[in-house]
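1. Below is the sequence, then the predicted model.
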Amino acid sequence: MTLPRRYLPSISQLSAFEAVCRLGSTAAAARELNLTQGAVSRLVQHLEGQLGQTLFRREGRRLVPSEPALVYAREVRKGLELIARASLGLRANPGGGVLNLAILPTFGTRWLAPRLGDFLAKNPGVTLNLGTRMRPFDFATESFDAAIHFGTRPWPGAEHLPLFEERLLPVCAPGYAAAHPMLGPNDLQEQALLQLESRPNAWGAWFAQNGVERPRIQGMMFDQFAPMMQAAVHGVGVALLPEFLAQPEIEEGRLVRAPGGPVSGIGSYYLVWPSEGPSPPALEAFKIWIAGAAQ
């Protein structure tokens, strides 16, 4: 059903309104949009007239948005971002087939990126746009078609495809291993144990599963796997890394395994996508490909 024209303001009006709400003044919005301050004010006035609503309280030369206006601005922002992404996708790939994917930084650089050439070779009509997100988000407020998620399965409003379980193993630089002889898991508690903020109990669980009770755990804390892995490569200490991150470094001789077996992490990696609406053809192709790659 086609909406009445009065409910379809122009892009210029919506852009000016959103910028004023976000930046706090018509002057700042004018600078961002490369317009005069008067032009921004007129666009906002025309939008108010078209909607039949007062969106701002005027205090001198300042426009203060009402609470309903701020809610409306959030929705407008999502619509403008969606239009911008669609336009960018059409320009980059006139034949269609754009996939906007949110990824975890380390997973994206260490596991996904080396394999993307294979996906693109098998799907030459697809343009893949990547954006990093550290935590789960609401698909309704972000313009992504899918995301790589780590943790447990529930993600509100989304379907999921399991990729693989996280398995953690202790590793260190060859030089560190030579300077700090370790004969068994118990010896690791005497080492500098590199830790991750999002997995604060990982070393405790590893020691428990390797038969060490009440271990001493001391060492640096990191917020991501990538810098922690580089610290281990440079001999700072022993890191507990997912196998998919550690294995290439082990094969190339930059890391060696420390005593003790791998243990299960706190979750698994999933591909997730919105449950509402049909999946784009590019996403369907990506599902098939990544399911095979994860094997």
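-> Yep, it's here. Residues are numbered from 1 along each chain as shown.

2. For Pro281, give its distance to Ser87.
-> 19 Å (Cβ to Cβ, to the nearest Å). Just so you know, the C-beta spots here come from the backbone N, C-alpha and C atoms, and that holds for glycine as well.

3. Who has more neighbours out of these two?
-> With neighbours defined as other Cβ atoms under 10 Å, Pro281 and Ser87 compare such that Pro281 has more, 14 against 10.

4. Would you list the phi and psi of that one?
-> In terms of degrees, to the nearest 10, the main-chain angles of Pro281 are phi -50, psi -40.

5. Is it correct that it is in contact with Gly97?
-> Yes. Assessed by Cβ atoms under 8 Å, Pro281 is found in contact with Gly97 at 6.5 Å.

6. ranges for the strands of the stretch 151-295 of the chain?
-> Listed in chain order, the strands of the stretch 151-295 of the chain (DSSP state E, counting those that start in this stretch) span 158-172, 193-196, 221-222, 238-242, 256-257, 263-274.

7. meant to ask about the stretch 1-150 of the chain, not that
-> 56-59, 62-65, 98-103, 127-132, 146-151.

8. re earlier: export the strands of the stretch 151-295 of the chain to JSON lines and tack on mean neighbour count and distance to Arg133?
-> Below are the strands of the stretch 151-295 of the chain laid out as JSON lines (neighbours: other Cβ atoms under 10 Å; distance: least, Cβ to Cβ, whole Å):
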{"stretch": "strand 158-172", "mean neighbour count": "19", "distance to Arg133": "13"}
{"stretch": "strand 193-196", "mean neighbour count": "21", "distance to Arg133": "17"}
{"stretch": "strand 221-222", "mean neighbour count": "14", "distance to Arg133": "19"}
{"stretch": "strand 238-242", "mean neighbour count": "27", "distance to Arg133": "18"}
{"stretch": "strand 256-257", "mean neighbour count": "16", "distance to Arg133": "31"}
{"stretch": "strand 263-274", "mean neighbour count": "19", "distance to Arg133": "11"}
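
9. can I assume Leu23 is in contact with Leu33?
-> No. Look at Leu23 against Leu33 with Cβ under 8 Å: they stay out of range, at 9.9 Å.
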